[in-house]
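>>> coordinates for the following, if possible.
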Amino acid sequence: MAGARGSQTEMAVLGALSIEPMTGYALREAIRDVLGHFWSESFGQIYPTLATLERHGHVTRGGSTRAGSSLFAITTSGTERLRDLLRQPVQATPPRNGLLLRLFFGRSLGVEACRALIAQARVDAQRRLDEFDAIAAQVAGETQHSDDMLFWLLTVSAGRHSARATLAWADESLAVLDAAPPAPADRNETG
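Numbers count the residues shown, from 1 in each chain. Okay, the predicted model is just below:
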């Protein structure tokens with residue numbers, strides 16, 4: 001596969017299959033439900049990536065499951081390919097944060113609308129923190145993949161820290177808005 005995006009997709013697919021063999025559907029679900037807390041992958045890329053990886057001998061397609069789907073498993077060359085991909089420098093991606101874009105132009109939006117956006121961001125961050133706390137408890141009780149637990153908990157910890165940072169930022173930002181004099185747009189709306 002060519003390009004950084006393709007390599008990242010290969011890494012996600014091979015990484016998931018390094019944990020256990022899966023059908024294409026189960027792979028899609030694992031990427032969405034497990035990796036989705038910190039990595040998003042286009043479902044339209046997963047099946048073509050599986051086909052390319054199979055063509056290169058990095059995965060094998062095994063017998064059908066009860067639902068009639070093929071089971072994919074990583075091969076020795078796939079494990080080597082995964083290690084090569086994991087050793088590559090992390091590909092920085094430009095941030096795209098719709099909340100911060102709106103707040104940057106907040107003068108046009110108004111203080112109350114900005115306050116509502118930040119309050120919602122706080123609610124979302126608390127929900128994510130609760131989810132990460134639940135995941136940490138679930139992973140801590142996991143016995144089947146004990147060799148992976150340390151690494152899984154590192155990613156959960158990053159999510160918890162990120163959610164806590166957002167909560168602190170939201171609280172600070174709401175206090176700043178509470179102390180700010182009304183903007184001209186807000187004064188015009190009320191009087």
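>>> can you list the weak-confidence ranges in the protein?
1-6, 64-68, 183-191 (pLDDT under 70).
>>> where does residue 95 land in three-state SS?
coil (DSSP: H, G, I helix; E, B strand; the rest coil).
>>> same check, this time on residue 7
The three-state label given to residue 7 by three-state DSSP is helix.
>>> ok, and the closest non-adjacent residue to it?
Using C-beta to C-beta, 6 or more residues apart in numbering and skipping the chain neighbours, the partner closest in space to residue 7 is residue 85 (5.8 Å). Yep, even glycine has a C-beta here, placed from its N, CA and C like the rest.
>>> buried set for the helix or strand that contains that neighbour?
Using DSSP states H and E, residue 85 maps to helix 76-87. By neighbour count with 16 or more other C-beta atoms under 10 Å, helix 76-87 contains the buried residues 78, 81-82.
>>> quick check: next helix or strand after it?
Beyond helix 76-87 toward the C-terminal end (DSSP H and E), the next one is helix 98-104.
>>> so what touches that next one?
109, 114, 117-118, 121 (C-beta atoms under 8 Å, 6 or more residues apart in numbering).
>>> return the member of the residues you listed nearest to residue 167.
Distance to residue 167 across these (C-beta to C-beta) is lowest for residue 121, with 9.1 Å.
>>> count of neighbours near the closest one?
20 (other C-beta atoms under 10 Å).
>>> now the angle from the one helix or strand residue 50 maps to to helix 76-87?
Assigned by DSSP H and E, residue 50 belongs to helix 43-55. Relative orientation of helix 43-55 versus helix 76-87 (axes from the mean of the first three to the mean of the last three C-alpha atoms, to 10 degrees): 130 degrees.
>>> from residue 109, how far out is the residue nearest to the spatial centre of the chain?
Computing the C-alpha centroid of the chain and ranking residues by C-alpha atoms, centre = their mean puts residue 38 first, at 2.1 Å. For residue 38, the distance to residue 109 (C-beta to C-beta, to the nearest Å) stands at 29 Å.
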